[in-house]
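> This is a predicted model, with the sequence first.
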Amino acid sequence: MPKPTIIPLTPKPPDAPKPTLHIPRRFLSLQNVLDRLTISRSLLYELIRDPVRPFPAPVHLGRRSVWVEGEVEEYMREVAEAERS
């Protein structure tokens, strides 16, 4: 059996651009959003109207209101980072 070749990795410079993660685009129903945030419906709509850090507004598909999963995840990430710093 041949000996495996080891290829050394060179460290990336600190100013190198970070790779973008592929976030699948999915729509979330109202119940999906409420379950992810563990909040009530009335609080969700208050957060949408919040002038400081508004929650992403829903997208209207016919009679349904849905949220873009990536926008919801980004909001959650921003809130967590702001609270930890």
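Thanks, I have the structure now.
> what's around L30, how many residues?
Residue crowding around L30 was assessed by other C-beta atoms under 10 Å; the count is 15. C-beta coordinates here come from the backbone N, C-alpha and C atoms, glycine included.
> how about it, what does it touch?
Applying C-beta atoms under 8 Å, 6 or more residues apart in numbering, we find L30 in contact with R41, L44, P58, S65, V66, W67.
> How about the fourth one: what's its closest non-neighbour residue?
The shortest distance from S65 to any non-neighbouring residue, by C-beta to C-beta, 6 or more residues apart in numbering, is to P58 (3.8 Å).
> doesn't E71 make contact with that neighbour?
No. In terms of C-beta atoms under 8 Å, P58 does not count as a neighbour of E71; the distance is 9.9 Å.
> Could you look up the SS state of the residue nearest in space to the middle of the chain?
Computing the C-alpha centroid of the chain and ranking residues by C-alpha atoms, centre = their mean puts E73 first, at 2.1 Å. Remark: E73 carries the secondary structure label helix [criterion: DSSP: H, G, I helix; E, B strand; the rest coil].
> Need the per-residue pLDDT for it.
Model confidence at E73, expressed as pLDDT, equals 93.
> how far away is it from P8?
Here E73 is placed at a distance of 36 Å from P8 (C-beta to C-beta, to the nearest Å).
> Identify each buried residue in the helix or strand in which D35 is found, please.
Secondary structure here is read from DSSP states H and E; on that basis D35 sits in helix 30-37. By neighbour count, with 16 or more other C-beta atoms under 10 Å as the criterion, the buried positions of helix 30-37 are V33, L37.
> For the lengthiest strand in the chain, which strands pair with it and how are they oriented?
Counting residues, the longest strand in the chain under DSSP state E turns out to be strand 64-68. Partners of strand 64-68 in the sheet, by DSSP bridges, are strand 27-28 (antiparallel), strand 59-61 (antiparallel).
> quick one: low-confidence parts of the chain?
Along the chain, segments meeting pLDDT under 70 span 1, 16, 18-24.
> 90 instead?
Applying pLDDT under 90 to the predicted model, the residue ranges of the chain that meet it are 1-25, 84-85.
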